[in-house]
Structures are given as C-alpha cells and as structure tokens.
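Q: heads up, no residue letters with this:
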C-alpha cells in the first residue's frame, strides 16, 4: 500500500480526487493538511487520514512517498518546492502556477528532485484526442491551418464559486479571485483545451485575448474576475489557434475543431466528425473507430506510482509552459497587444 499525503484541500476537484482514491486498493491518503482545518478535517476524514496542523509532518514522514497538492494556486510554489526538497512524488492540480516565473521555478525544482510528476490534464485520455494526436503526427490532415478549442460550462450561472461562510470546507470563492487563482474562468477552464491544442501542435509564437466579466457576479468585492473570453494564438508551426472558455455558458456544443489542407475534424455534442480523403472518411456520420478512454490526470499518476511503466504523465516542462501561454493571453487582453510567451531557460 502506497502512502500519500493530501497537501491542501481547497480546489473544487478535491472531493472528486478523494472519491477516486477511496476506490483503489493500492494507495491510501494517510495524512491531510490545509491551512483551513475545516477543509482538511472534512476531506481527510473522508479517507480516514490523520489531519495535521503542520505540513512539515507530511514532508518529514518517511512512510509518505507521494503527495497530492490541491491548494490554492498562489500556494503552489511554496508547497511544490518543499515537496521536491523532501523527494516526494507529486500530483499538482492545474494550473501549475500563477504564470511563467513561478511555474518555471517549480519545474526546475521538480526536475532536480527526479520525482514522478503530473498534473490534472485529464482530457489527454479522451479517445478522440488520442486518435487526433496520432493522425496529426502522421500528417493525415495535411498542413494544419487552424485549430480551435472550447471549454465552457455554467459554473458562474450556478453560483459554484459563491462564498459559503456557513460551509467553509466547500467554499470555492477563491477560484474567482485572480490574485489567488492566477486566472479567472478563461484560464481555469481554458487551460484544459489549451493543453490539448499545444499537445497536438507545439508551442506558441505570440498570443492575445479578449476577456469579459460576464454577469459581473464576482465584482462585489471590488476585484475583477473574467467569466468568459476568447484567445487568439499564432503557433510556431504557422497555424492559427483560437481558444474559448467560460463559466457563463449553458452548453458547449462544439468543443474542438482542427482544419488542414487535406482534411478536418470536429467534436460536436461529444461526437467526432472527420472528413479526410486520405483516410477514406466522410463527415456525414460520427466517426467511431477511435480508442476507448485512457487513464489520464490523477488516475494515470496513481498508476505510475503503483508501478505501471506505460502510464502517461504530463511532462513538467509542458505543465509549466501552459501558465506561461495563459499569462501572455491575459497580458494581451489587458494591454490590447500581442505577447510572446516567456520560455523556460
């Protein structure tokens, strides 16, 4: 049985992670910490973990070989560097950092420590994306000219991120405060689609965006939080990338599109439609000859911890590059300019 420390329980995905851990027989959360003891008591209690008031107890526990860091984003660097120093394998919830500077510093610390790392880009396990990556690498669509990702839901409309003073353990309000989360809705949801776009197409030459506070429900504290946005990227391979992400949508019917000189593919209402003469596929019906879902995100990292050599992890440099690109889009939106993402040196 592999002992894991739960370091931070603030993220909205913490309940789902705890639930998945409970289904496994090969790993166990033995200690839990959060600066808010109500959170660590609730989510640590779900798995029978010992709740500690000092995170150092986790770093110093030799029985704990790995940690799940699910804290507020602005705490990531301190916790990740400490985990690396303690040689703990780590899963860090996305985004890795607030921007390029802290993300790259964490990536260097993780690399130096030589530990197993991954982050929450679970979309990489989706069968349609696995198939598309294979076809892009084979050149099946010819020269790719455009790629578009969209990841939108009704989180703001449903008050998912409203303050809950009577239920602080489930209070996700910090996620709508860019000073703590690093981003608003565009960066929170957009990072998933951005990851897939860059996973398929490589790095970004320059980027910009247009963001909106949407319903403005998070401005009562005087702070600005975007609820919806559109990003535009010039990819280094010459393709144009567009990215949509929002908490203000009642649906997200078309979540992906890739267009090339010899074919295209679109994911519409969860179904993959492909037109490609080279592959002999017409887009009048959903294309279903794709792999089944694969383990990704937390599940893949847990598999790797348990010794699965085939587990697909997100390379730390890729995890660090996504916040750098997102930072460039936010700067572009603020200043009305195109911005070149900072690169790791």
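A: Okay, I see it. If you're wondering where the values come from, they're calculated on a predicted model, not measured in any experiment. Numbers count the residues shown, from 1 in each chain.

Q: pLDDT below threshold where in the stretch 51-200 of the chain?
A: Residues of the stretch 51-200 of the chain meeting the criterion pLDDT under 70: none.

Q: which SSE is residue 333 in?
A: According to DSSP states H and E, residue 333 maps onto helix 316-335.

Q: same check, this time on residue 66
A: strand 64-69.

Q: ok, back up a step: so which bits of the helix holding residue 333 are buried?
A: 316, 318-333 (16 or more other C-beta atoms under 10 Å). Yep, even glycine has a C-beta here, placed from its N, CA and C like the rest.

Q: now it, how far from the centre of its chain.
A: 13 Å (C-alpha atoms, centre = their mean, to the nearest Å).

Q: And that helix, what does it pack against?
A: If contacts are counted by 3 or more C-beta pairs under 8 Å, 6 or more residues apart in numbering; DSSP states H and E, helix 316-335 sits against helix 100-113, strand 117-119, helix 185-201, strand 204-212, strand 228-235.

Q: Contacts for the strand holding residue 66 next, please.
A: For strand 64-69, contacts defined as C-beta atoms under 8 Å, 6 or more residues apart in numbering pick out 2-8, 17, 29-31, 58, 76, 79-80, 83, 88-93, 116, 298, 305.

Q: so of the residues you listed, which ones are in helices?
A: 17, 58, 76, 79, 80, 83, 298, 305 (DSSP state H).

Q: Any chance of TSV for those residues, columns distance to residue 143 and neighbour count?
A: Below are the ones in helices among the contacts of strand 64-69 laid out as TSV (distance: C-beta to C-beta, whole Å; neighbours: other C-beta atoms under 10 Å):
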residue	distance to residue 143	neighbour count
17	40	23
58	50	25
76	38	24
79	43	23
80	39	28
83	42	27
298	36	21
305	40	19
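
Q: Find the pair from those with maximum spatial separation.
A: The largest separation in the ones in helices among the contacts of strand 64-69, counting by C-beta to C-beta, is between 76 and 305 at 20.0 Å.

Q: partners of the strand holding residue 66, with directions?
A: strand 2-7 (parallel), strand 89-92 (parallel) (DSSP bridges).

Q: residues in contact with the shortest one?
A: The list of residues contacting strand 89-92 from outside it, by C-beta under 8 Å, 6+ apart, reads 65-69, 76, 80, 83-84, 106, 110, 115-120, 298, 301-302, 305, 319.

Q: what's the domain layout of the protein?
A: Residue ranges for each domain of the chain read 2-119, 126-292+315-335, as given by automatic domain parsing.

Q: Quick one: closest of these to residue 344.
A: Checked against C-beta to C-beta, the stretch from those lying closest is domain 2-119, at 4.6 Å.

Q: ends of that closest one, how far apart?
A: 19 Å (C-alpha to C-alpha, to the nearest Å).

Q: again with stretch 68-76
A: End-to-end for stretch 68-76, by C-alpha to C-alpha: 11 Å.

Q: same check, this time on stretch 190-210
A: End to end - C-alpha to C-alpha - stretch 190-210 spans 13 Å.

Q: residues of it that come out buried?
A: 190-201, 204, 206-209.

Q: What count of nearby residues applies to the nearest residue to residue 327 once chain neighbours are set aside?
A: Distances taken as C-beta to C-beta, 6 or more residues apart in numbering put residue 99 closest to residue 327, at 3.8 Å, once the chain neighbours are dropped. Neighbour count for residue 99, taken as other C-beta atoms under 10 Å: 22.

Q: Right, I'll leave it there.
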